[in-house]
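**Student:** dropping a prediction and its sequence here:
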2 protein chains.
Amino acid sequence: MNRRLTQRGQERRQQLLDFAINRFAENGYHPTSVAEIVTGLGVGKGVFYWYFESKEELLVEILKEAQLDLRRTQREAIDGIDDPVERIALGIGATMQWSASHPQLHQLISFATTEERFAPAVRKGQEIAARDAGRHVREGIASGQIRDLDPDLLAHAILGMTAQLARVFLHERHQPADEVAAAAVAVVLDGMVVR
Amino acid sequence: MNRRLTQRGQERRQQLLDFAINRFAENGYHPTSVAEIVTGLGVGKGVFYWYFESKEELLVEILKEAQLDLRRTQREAIDGIDDPVERIALGIGATMQWSASHPQLHQLISFATTEERFAPAVRKGQEIAARDAGRHVREGIASGQIRDLDPDLLAHAILGMTAQLARVFLHERHQPADEVAAAAVAVVLDGMVVR
DNA sequence: TCATTTCTTGACCGCTTGGTCAAGTATGCG
DNA sequence: CGCATACTTGACCAAGCGGTCAAGAAATGA
């Protein structure tokens, strides 16, 4: 759906996105109906289909924008840093911060991963994130700072750990993002075992 | 739903469970209708509601049995092992093996985590798993084998990493479970950084 | 054999769903 | 002003949903 939107139109579209994000995260994507969204906003049903082709497209749009935003946050966090190990640490920190301030988006991305219909839309973003992390890992291996393990696996290990810690410690237990991030970094860099 | 089931009844119930597991995992829980399940099995609709109170109860039942089975697998793997670090390693291995042989269940558990309605049914099992892992960590800390970090956080870090690696490397890329498990153990124990 | 219990059928119900559309209103712009 | 374009309305639709139930078939057990 590519319409030429006026200022007003863009605001309306954003209203729909925001409201849908909240309802989807709270109530689930499938159980939330288009009718619920439009009546919640106090508008007619046609408004929804003026801005989005379908309910499915709406979610895909949400996912795309969310992943773009997350990536931008990560990029800004590591901008200008040369040391690959530090880049990894800062990336984890940025992800935690982003996840703390966008719990609904974090949850929607998790949901999308579990549904075949939406997995592709998310997989691409995850692969990009994994490739980014993998690049830092490879650099670290090349410079002798990081052990010679499969960079791809390390990257996904970081991603998985970060996502789980965000869900449990940030969203469920509401702990400070920087502390959780610091602990995650400590684990991922040095492991659990005393040497 | 607690019925006294004959042999035949138990088989029918299992048929429903198995078919639903496959459809739910493939097509999603919400998009899969009760009608689809019963016609797929070539039986009348009443059969479904003879064995399950509702579609929702069916999924909860699937989740409960899956988590029970996973836990049993983990318990068997570490049975008789004293060293806490080795118990953690074996637990990761057992989880990978289980996840490799039950990809649909792994996916359904992931889905349930993202839907408020089903999260409680899963949360309990996850907390048990985290507490189990946390106990080994605590023991390891007490015996001086494991660094003095938050055991709860370490436990969730292990869980998150394992789940993500299982999804990407076992279910998407079909790599051998024991190799992925070995790599995961290496990361979690010794970290990425050269020392 | 016959009564009891377990299991199966499938038409049926009220309701909601995602989506359409003809009609009308507001806005931007020359 | 006047016309084109952007936006909004809400009744309407076919299809599908989860769930019910009266009726009957099959197995069980005495």
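**Tutor:** Structure received.

**Student:** and the helix or strand containing residue A:37, does that touch chain B?
**Tutor:** Residue A:37 is located in helix A:34-41, with elements delineated by DSSP states H and E. No. Residues of helix A:34-41 contacting chain B under CB under 8 Å from any CB of the partner chain: none, with a closest distance of 14.6 Å. In short, each C-beta sits where N, CA and C put it, glycine included.

**Student:** what does that helix contact?
**Tutor:** A:15-16, A:19-20, A:23, A:44-45, A:47-48, A:55 (CB atoms under 8 Å, 6 or more residues apart in numbering or on different chains).

**Student:** run a quick neighbour tally on residue A:27.
**Tutor:** 15 (other CB atoms under 10 Å in any protein chain shown).

**Student:** which non-adjacent residue is nearest it?
**Tutor:** residue B:116 (7.0 Å; CB to CB, 6 or more residues apart in numbering or on different chains).

**Student:** check the secondary structure at that neighbour for me.
**Tutor:** Here residue B:116 is coil, with the state taken from DSSP: H, G, I helix; E, B strand; the rest coil.

**Student:** next, the contact list for it, please.
**Tutor:** A:26-28.

**Student:** can I get these in a markdown table including pLDDT, secondary structure and distance to residue A:188?
**Tutor:** Below are the contacts of residue B:116 laid out as a markdown table (pLDDT from 0 to 100; DSSP: H, G, I helix; E, B strand; the rest coil; distance: CB to CB, whole Å):
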| residue | pLDDT | secondary structure | distance to residue A:188 |
| --- | --- | --- | --- |
| A:26 | 96 | helix | 31 |
| A:27 | 96 | helix | 34 |
| A:28 | 97 | coil | 32 |
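
**Student:** which residues are in contact with residue A:96?
**Tutor:** Contacts of residue A:96 (CB under 8 Å, 6+ apart): A:162, A:165-166, A:170, A:177-178, A:180-181, A:184.

**Student:** give me that answer again for 7 Å
**Tutor:** A:162, A:166, A:170, A:177, A:180-181 (CB atoms under 7 Å, 6 or more residues apart in numbering or on different chains).

**Student:** repeat for residue A:103
**Tutor:** Neighbours of residue A:103 in contact, by CB under 7 Å, 6+ apart: residue A:171.

**Student:** how near is it to residue A:167?
**Tutor:** Separation of residue A:103 from residue A:167 (CB to CB, to the nearest Å) stands at 9 Å.

**Student:** what do you get for residue A:112?
**Tutor:** Counting by CB to CB - residue A:112 and residue A:167 are separated by 15 Å.

**Student:** and the helices in chain A, which stretches?
**Tutor:** Applying DSSP state H to chain A gives helices spanning A:7-27, A:34-41, A:45-51, A:55-78, A:84-101, A:103-114, A:119-142, A:151-165, A:177-190.

**Student:** which bits of chain A sit near DNA strand D?
**Tutor:** A:3-6, A:8-10, A:12, A:42-47, A:49-50 (CB under 7 Å from any atom of the strand).

**Student:** same thing but at 10 Å, please
**Tutor:** A:3-13, A:15-16, A:30, A:34-35, A:38-39, A:41-51 (CB under 10 Å from any atom of the strand).

**Student:** near DNA strand C, which residues of chain A?
**Tutor:** So chain A meets DNA strand C at A:6-9, A:29-39, A:44-50, A:52-58 (CB under 10 Å from any atom of the strand).

**Student:** can you flag the buried ones in these?
**Tutor:** Listed as buried from the residues of chain A next to DNA strand C are A:29, A:32, A:37-38, A:47-48, A:50, A:52, A:55, A:58; burial here means 16 or more other CB atoms under 10 Å in any protein chain shown.

**Student:** can you give me the pLDDT of the closest residue to residue A:23 other than its chain neighbours?
**Tutor:** In space, and not counting its chain neighbours, residue A:23 is closest to residue A:32: 4.5 Å by CB to CB, 6+ apart. Here, the pLDDT recorded for residue A:32 equals 98.

**Student:** also residue A:109?
**Tutor:** If you check residue A:109, the pLDDT there is 97.

**Student:** surely it meets residue A:63?
**Tutor:** Yes. Applying CB atoms under 7 Å, one finds residue A:109 in contact with residue A:63, separated by 6.5 Å.

**Student:** what touches both of those two?
**Tutor:** With CB under 7 Å, 6+ apart as the test, residue A:109 and residue A:63 both reach residue A:122.

**Student:** more neighbours: which of those two?
**Tutor:** Each of residue A:109 and residue A:63 has its neighbours counted (other CB under 10 Å); residue A:109 has more, 23 against 20.

**Student:** grab the nearest non-local neighbour of that one.
**Tutor:** residue A:122 (5.8 Å).

**Student:** contacting residues around that neighbour?
**Tutor:** Contacts of residue A:122 by CB under 7 Å, 6+ apart are A:63, A:109, A:112-113.

**Student:** mind doing that once more with 10 Å?
**Tutor:** Taking CB atoms under 10 Å, 6 or more residues apart in numbering or on different chains, we find residue A:122 in contact with A:60, A:63-64, A:66-67, A:108-115.

**Student:** which of these are buried?
**Tutor:** Buried among these by 16+ other CB under 10 Å: A:60, A:63, A:66-67, A:108-115.

**Student:** closest one of those to DNA strand D?
**Tutor:** residue A:115 (15.1 Å; CB to the nearest atom of the strand).

**Student:** please name the nearest non-neighbouring residue to the closest one.
**Tutor:** Residue A:115 sits nearest to residue B:28 (CB to CB, 6+ apart), 4.9 Å away.

**Student:** can you get me a residue count around that neighbour?
**Tutor:** 19.

**Student:** and for residue A:82?
**Tutor:** With other CB under 10 Å as criterion, residue A:82 counts 8.

**Student:** so the residue nearest to residue A:115 makes contact with residue A:28?
**Tutor:** No. With the criterion set as CB atoms under 10 Å, residue B:28 and residue A:28 do not qualify as a contacting pair; they are 11.1 Å apart.
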